[in-house]
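>>> no FASTA, just this:
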């Protein structure tokens, strides 16, 4: 069985996932490289892998850092369990819900400014280029208090990432730009976040300068690309379900972010690749040591044993217990509180400001693209000053 499976519609899961959840929740697959692996599709087994130290991402780090494509090794975020836990305690003492709430007013200001520009722009407007990506970049600038002279470098990196797609050489070149920017930021910490990270201590340990640079890079990569494409996917799902868009705009959907994270996930399934450090019994299957194991967060979020009527999009029932988009356990995303605030403010205020938002040429004509980690609208032309309309399926590139 070859993986990934063909996805005909962006938010309708491939039929293979439901079949595997029902009969083979841990299944052998063949990856695009021809290498073998194991695919995990049920919520319980995915969560188990995410919380089990016998599954390691250290080989991912080694492979990413190798070669001549300018790879990023993810630093201590995928180190051995002891070093990883130490890194989490140090970073988590600073990057937490308190930080997210401190940033909220600045995120709101960025959202409102971009919506003002959005409203003043000739219609139709590409929501990806005109809102989703600029918002994610603005939030990064606020998070790290990026000084004016470094903002062009950060913008160049973001443009490089957006243009790279699945081209890993181009991704590596963009990552080198980010490395230069992160090194400059760490060398002259203007903001409270970087100063606080440098000052953090746990059991006599601190983050080295190299650790800080890698942490900035990790937070930038996760915070920019993931947030931008998740906003794009979320808006498209709302455009496909205009009654849900109205609920979000009317403030009747407090769980909208969780439902969007569950139903309109941006991942391709490769972000969750890990390797067994020893032989492991998983879902009735003996997985040998050194095996590649892919956890499918998208499939876990459609697990019928966990989520009632999982193929239905309903922003009023959103709950964090229905998805693992931010990971779980020791690998739960430290930046999740900031991402939540960004998604909450970015989506709610958009829907409130433009209750008649619709796809300019119909959602059936929106073209999807993908890179290694994400699938998302290449462009999302929208009309902001119009009445609602129904929608259809989406065409893939």
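Yep, it's here. Because the structure is predicted, anything quoted here is derived from the model rather than measured.

>>> now the strands for the stretch 201-350 of the chain?
Taking DSSP state E, counting those that start in this stretch, the strands of the stretch 201-350 of the chain run over residues 273-276, 280-282, 285-287, 292-295.

>>> Direction included, what does the first one pair against?
With DSSP bridges as the criterion, the sheet partners recorded for strand 273-276 are strand 55-56 (antiparallel), strand 292-295 (antiparallel).

>>> And those strands, which one averages the lowest pLDDT?
When the strands paired with strand 273-276 are compared on average pLDDT, strand 55-56 comes out lowest at a mean of 89.

>>> returning to what we had before: please convert the strands paired with strand 273-276 to TSV, extending it with mean neighbour count and distance to residue 244.
Just so you know, the C-beta spots here come from the backbone N, C-alpha and C atoms, and that holds for glycine as well. As requested, the strands paired with strand 273-276 are arranged in TSV below (neighbours: other Cβ atoms under 10 Å; distance: least, Cβ to Cβ, whole Å):
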stretch	mean neighbour count	distance to residue 244
strand 55-56	22	36
strand 292-295	22	28
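
>>> Of those, which is nearest residue 156?
Taking Cβ to Cβ as the criterion, residue 156 comes closest to strand 292-295 out of the strands paired with strand 273-276, the separation being 32.4 Å.

>>> show me where pLDDT drops low in the stretch 201-350 of the chain?
269, 271 (pLDDT under 70).

>>> Point out the most buried one among the strands of the stretch 201-350 of the chain.
Neighbour counts averaged per stretch over the strands of the stretch 201-350 of the chain are highest for strand 292-295, at a mean of 22; criterion: mean count of other Cβ atoms under 10 Å.

>>> circling back: nearest to residue 339, of the strands paired with strand 273-276?
Each of those was checked against residue 339 via Cβ to Cβ, and the shortest separation belongs to strand 292-295, namely 19.2 Å.

>>> one step back: how about JSON lines for the strands paired with strand 273-276, with distance to residue 232 added?
Below are these laid out as JSON lines (distance: least, Cβ to Cβ, whole Å):
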{"stretch": "strand 55-56", "distance to residue 232": "30"}
{"stretch": "strand 292-295", "distance to residue 232": "23"}
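
>>> In JSON lines, list the strands of the stretch 201-350 of the chain along with distance to residue 307.
Compiled in JSON lines, the strands of the stretch 201-350 of the chain are given as follows (distance: least, Cβ to Cβ, whole Å):
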{"stretch": "strand 273-276", "distance to residue 307": "23"}
{"stretch": "strand 280-282", "distance to residue 307": "21"}
{"stretch": "strand 285-287", "distance to residue 307": "24"}
{"stretch": "strand 292-295", "distance to residue 307": "17"}
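
>>> Please identify which of those is closest to residue 257.
Each of the strands of the stretch 201-350 of the chain was checked against residue 257 via Cβ to Cβ, and the shortest separation belongs to strand 292-295, namely 21.5 Å.

>>> residues contacting the residue nearest to the spatial centre of the chain?
For the chain, the residue whose C-alpha lies nearest the mean C-alpha position (Cα atoms, centre = their mean) is residue 226; its distance is 3.2 Å. With contact taken as Cβ atoms under 8 Å, 6 or more residues apart in numbering, residue 226 is in contact with 266, 339, 373-374.

>>> Most neighbours among the residues you listed, which one?
residue 266 (25 neighbours; other Cβ atoms under 10 Å).

>>> Surely that one touches residue 227?
No: in terms of Cβ atoms under 8 Å, residue 266 does not count as a neighbour of residue 227; the distance is 9.3 Å.

>>> count of residues packed around the residue nearest to residue 160 when sequence neighbours are not counted?
Using Cβ to Cβ, 6 or more residues apart in numbering and skipping residues adjacent in sequence, the residue nearest residue 160 is residue 174, 3.1 Å away. Using other Cβ under 10 Å, residue 174 has 22 neighbouring residues.

>>> Let me see the contact set for residue 174.
157, 160-161, 164.

>>> Find the residue ranges of the stretch 51-200 of the chain scoring beneath the pLDDT cut-off.
Residues of the stretch 51-200 of the chain that meet the cut-off, pLDDT under 70, sit at 59-80, 190.

>>> mind listing the helices for it?
58-65, 81-92, 97-120, 127, 133-144, 151-164, 168-187, 192-199 (DSSP state H, counting those that start in this stretch).

>>> Run through the residues that contact residue 150.
For residue 150, the contacting residues are 181, 184-185, by Cβ under 8 Å, 6+ apart.

>>> Model confidence score at residue 388, please.
With respect to pLDDT, residue 388 has a value of 38.

>>> So for residue 30, which of the strands paired with strand 273-276 sits nearest?
Residue 30 lies closest, by Cβ to Cβ, to one member of the strands paired with strand 273-276: strand 292-295, at 10.7 Å.

>>> Please work out which residues outside the closest one touch it.
Strand 292-295 is contacted from outside by 3, 29, 31, 35-40, 46, 49-50, 55, 269-270, 272-276, 282, 287, using Cβ under 8 Å, 6+ apart.
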